[in-house]
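Undergrad: Using only what follows, build the 3D model:
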Amino acid sequence: MAERFRTFRDLDCWKACRDLRVYVAKEVLPLLPKDEKYRLGDQLIRAARSTTANIAEGYGRFHYLDNAKFGCNSRGSAYETLDHLVTGHDEGMVSDALFQKGEELVARAVRTLNGYIAYLQRAGGVEKGKKEIGD
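TA: Numbering: from 1, shown residues only. Below is the predicted model of the structure:
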């Protein structure tokens, strides 16, 4: 039997970001008011899509520290997604329950990204105690 082809899709951080992206696309965007679908909705989906896209691009770089930098970009996009959810919540477009679930998904994505970034930095030779790439 042939060995399975491994990709970025096997990474826990990509899976967590995918959950966030799908949640935004299928649960949050459809509930936004019509006039906000192309304002806040566009910003929300771009940020959420960027979380997985950055992981994929970094994975394809085949260099630990390049990959870590894209992981940091993905983490930034996760926080950007959270900020857009906060905006929607503050302005009454995102319910408490919808916001809470989104916040939990962002927290999970960030936790797994932090672990992946730390692994990549260790593998790439960044010494413990040194400033992390992207901070």
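Undergrad: Only C-alpha atoms from now on, for both contacts and neighbour counts.
TA: Noted.
Undergrad: Give me the residue ranges of this structure where confidence is low.
TA: Residues of the chain that meet the criterion pLDDT under 70 lie in 1-2, 5, 127-135.
Undergrad: in it, which residue is closest to the centre?
TA: Thr51 (3.3 Å; C-alpha atoms, centre = their mean).
Undergrad: which ones are touching that one?
TA: 14, 17-18, 21, 73-75, 77-78 (C-alpha atoms under 8 Å, 6 or more residues apart in numbering).
Undergrad: How many neighbouring residues does Asp90 have?
TA: Residues within reach of Asp90, counting by other C-alpha atoms under 10 Å, total 13.
Undergrad: and what of Gly124?
TA: Neighbour number of Gly124 under other C-alpha under 10 Å is 15.
Undergrad: In contact with it, which residues?
TA: Counting by C-alpha under 8 Å, 6+ apart, Gly124 has contacts 63-65.
Undergrad: hang on, the earlier thing: report the separation between the residue nearest to the centre of the chain and Asp35.
TA: As defined by C-alpha to C-alpha, to the nearest Å, Thr51 lies at a distance of 25 Å from Asp35.
Undergrad: for Asp10, same thing?
TA: 37 Å.
Undergrad: Just the CA coordinates for stretch 76-91, please, in PDB.
TA: Only the C-alpha atoms of stretch 76-91 are listed here, as PDB (Å, rounded to 0.1, in the frame of the first residue of the first chain):
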ATOM      1  CA  GLY A  76      -2.700  37.700  13.300                       C
ATOM      2  CA  SER A  77      -5.600  36.900  10.900                       C
ATOM      3  CA  ALA A  78      -7.300  34.900  13.700                       C
ATOM      4  CA  TYR A  79      -7.100  37.900  16.000                       C
ATOM      5  CA  GLU A  80      -8.400  40.100  13.100                       C
ATOM      6  CA  THR A  81     -11.300  37.800  12.700                       C
ATOM      7  CA  LEU A  82     -12.000  38.100  16.400                       C
ATOM      8  CA  ASP A  83     -11.900  41.900  16.200                       C
ATOM      9  CA  HIS A  84     -14.500  41.800  13.300                       C
ATOM     10  CA  LEU A  85     -16.700  39.500  15.500                       C
ATOM     11  CA  VAL A  86     -16.400  42.000  18.400                       C
ATOM     12  CA  THR A  87     -17.400  44.800  16.000                       C
ATOM     13  CA  GLY A  88     -20.400  42.800  14.900                       C
ATOM     14  CA  HIS A  89     -21.300  42.000  18.500                       C
ATOM     15  CA  ASP A  90     -20.900  45.600  19.600                       C
ATOM     16  CA  GLU A  91     -23.100  46.900  16.800                       C
END
